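J.: Build me a model from this:
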Amino acid sequence: MNRLRQFLLITMGFFLFLLLVIVNAPQPAVTQDMLFDELSEEVDEPKEEVNAYYAVHLDGVFLGRTQCPKVFSRHLEDYLAFQSPGSKTAAFPEESLDFTLQRTSDVPVLTPLNQLLARMESRTTLMTVGTVLYIDDERVAVVSDRSVAEDVVQDIQNDYIAQREAGGDAEVESVEIKESIEFKQEKVDIEAIEDPKDVRAVLEAGRVKEVRHEVQPGETAWDIAQVAGVQTDDLEEANPGHSDLNRLQPGEEISLVAPEPYITFVTKEIHQYIRQTPFPVERQEDSSLWPWEQTIEQHGQRGEVKVIERRTLEEGREVDREILEEEKLAQPVTQIVRVGTRETPQQGSGPFILPTDGRLTSPFGPRPGGFHSGIDLAAASGTAVVAADAGTVTYVGWRGGYGRTIIIDHGGEHRTLYAHLNRADVEVGATVAQGDRIGTVGSTGVSTGPHLHFEIWVEGTPVDPIQFFE
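T.: I've put the predicted structure just below:
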């Protein structure tokens, strides 16, 4: 008896050990093919009514016969779960699946469960409950659930804030999305579920919008493309019928295919900067200086103000500005300018004389290459140049294409100019009488040879000198 008890105990212990090994053994991953294989191994024989079966229909289309609708349904649920691994809601067929009890006098020909499932898969559209992203009532994207859509939008917003603050000049106080964004749960085709990375790419790229643009005076194709945010090649593609976009005419209409963002970020940003304020200028009279002379007694300095302001921007474009605080850092320093009030000498007599003995080679008025504002008198280099009338020398020096130049103020809004001189024999401020030598003929500046370029100005406008000698 003791030996029998010992044998039974050993036997029971062995079976318990085997049971623990089986329970704790790692289970192989279940695949869709394994589900189909398991279906083919199911016992498809009824325990009662061997002549009874269920006709399986999908939206009225006959799929086959089975005596195990519960087994089929269980494996169908497992199969559907595999079709939506990223969704919180399992997939389901869009069509209606019906089991109708039928009886026959003969033993029915049954359809293997794996074949039933395969037939159903080939004929059904799998649906799931997903989250549809709407922007201003426009259906934009479909994702598995609301949290995925919210994360995509939040990631784009976070990156935009980081971009705005990257330069260190701004602190984003708040950010809003201008458009209306809604997340709606809807029944969707399981194939319509999009990857979050693809959704982000769509939102960042925006939609394409075609508009008509009227060309404004002075606008070029490059100007229009820059404002629209496109390339000139894009303009050519959008206007295939236009022969030459480089010859746009004001009032002409062209097509613009420009990107339009799905999401417009409106930010309120705090900006700090130093603003310079202009310095005042004080003018002091000085009788030792001629009226055309002035000197700076004290140079001015701009003031500085620290400004803190709140700016409202839409996609980086400023739409509003509010000054929050201003702090003066430095007061402006007044600039003091001494202006001449010295009494000018006797004015000219009125009639003019020719300033040099030369031949008229170029008259006053239009000529090839531009307008000639004086007359040219050809003479040998070194020929004396005299004052056409009495007055005060106001300018002596180099004057661009005029070369070495002298200007004399004769009073009464009359001035004369002598250009291309070889030398000047007077200084600024000197008083001269009519006929006094002031320099010699030369060919300085832009000149084709020795000559005197002579101008007479009346009230700031050049006039034809010849009229004063006739």
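J.: Residue nearest the middle of this structure, spatially speaking?
T.: What sits nearest the mean C-alpha location of the chain, by Cα atoms, centre = their mean, is G229, with 6.2 Å.
J.: doesn't E260 make contact with that residue?
T.: No: counting by Cβ atoms under 8 Å, G229 does not reach E260; the two are 9.8 Å apart. For glycine as for every other residue, the C-beta is placed from the backbone atoms N, C-alpha and C.
J.: Quick check: which ranges of the chain have low pLDDT?
T.: For the chain, applying pLDDT under 70 flags the ranges 1-49, 84-89, 258, 344-350, 470.
J.: residues in contact with the closest residue to P261 other than its chain neighbours?
T.: In space, and not counting its chain neighbours, P261 is closest to G206: 4.2 Å by Cβ to Cβ, 6 or more residues apart in numbering. G206 is in contact with 259-262, counting by Cβ atoms under 8 Å, 6 or more residues apart in numbering.
J.: Might you calculate how far stretch 307-325 sits from the centre of the chain?
T.: Distance of stretch 307-325 from the chain centroid (Cα atoms, centre = their mean, to the nearest Å) equals 18 Å.
J.: And that stretch, what's buried?
T.: By 16 or more other Cβ atoms under 10 Å, the buried positions in stretch 307-325 come out as 309, 311-313.
J.: now do stretch 231-240
T.: Residues of stretch 231-240 classed as buried: 234-235, 238-239 (neighbour count, 16+ other Cβ under 10 Å).
J.: quick one, phi psi at D223?
T.: Backbone torsions of D223, given as degrees, to the nearest 10, read phi -60, psi -50.
J.: R317 versus that one, what's the distance?
T.: The gap separating D223 from R317 is 18 Å, by Cβ to Cβ, to the nearest Å.
J.: go on, I375?
T.: Distance, I375 to R317, by Cβ to Cβ: 57 Å.
J.: element containing E77, please.
T.: E77 belongs to helix 69-83 when elements are defined using DSSP states H and E.
J.: okay, that helix in CSV with CA atoms only?
T.: The C-alpha coordinates for helix 69-83 follow below in CSV (Å, rounded to 0.1, in the frame of the first residue of the first chain):
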residue,chain,number,x,y,z
PRO,A,69,-21.5,30.7,-36.4
LYS,A,70,-20.1,31.4,-33.0
VAL,A,71,-16.7,30.0,-33.9
PHE,A,72,-16.7,31.9,-37.1
SER,A,73,-17.7,35.2,-35.3
ARG,A,74,-14.9,34.7,-32.7
HIS,A,75,-12.2,34.3,-35.4
LEU,A,76,-13.7,37.2,-37.3
GLU,A,77,-13.3,39.4,-34.3
ASP,A,78,-9.7,38.3,-34.0
TYR,A,79,-9.1,39.0,-37.6
LEU,A,80,-10.6,42.5,-37.5
ALA,A,81,-8.5,43.3,-34.4
PHE,A,82,-5.4,42.6,-36.5
GLN,A,83,-6.6,45.1,-39.2
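J.: Tell me the one of the buried residues of stretch 307-325 nearest E121?
T.: L313 (52.7 Å; Cβ to Cβ).
J.: Nearest spatial neighbour of the closest one, chain-adjacent residues omitted?
T.: Distance criterion Cβ to Cβ, 6+ apart; nearest residue to L313, sequence neighbours excluded, is T267 at 5.2 Å.
J.: Test of understanding: give the bridge partners of the one you found.
T.: V175, L313 (DSSP bridges).
J.: residue ranges of the helices in the protein, please?
T.: Residue ranges of the helices in the chain, as given by DSSP state H, are 2-24, 32-41, 69-83, 113-123, 146-165, 196-205, 221-228, 232-238.
J.: the inter-axis angle of the third one versus helix 113-123?
T.: Orientation note: helix 69-83 sits at an angle of 50 degrees relative to helix 113-123 (axes from the mean of the first three to the mean of the last three Cα atoms, to 10 degrees).
J.: which ones are touching the closest residue to L58 other than its chain neighbours?
T.: Using Cβ to Cβ, 6+ apart and skipping the chain neighbours, the partner closest in space to L58 is E95 (5.1 Å). Residues near E95 by Cβ under 8 Å, 6+ apart: 58-59, 123-125.
J.: how about those residues in a markdown table, adding neighbour count and distance to G340?
T.: Rendered in a markdown table, the data for these read as follows (neighbours: other Cβ atoms under 10 Å; distance: Cβ to Cβ, whole Å):
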| residue | neighbour count | distance to G340 |
| --- | --- | --- |
| L58 | 17 | 106 |
| D59 | 12 | 104 |
| R123 | 13 | 104 |
| T124 | 19 | 101 |
| T125 | 10 | 96 |
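J.: Narrow those residues to those in strands?
T.: L58 (DSSP state E).
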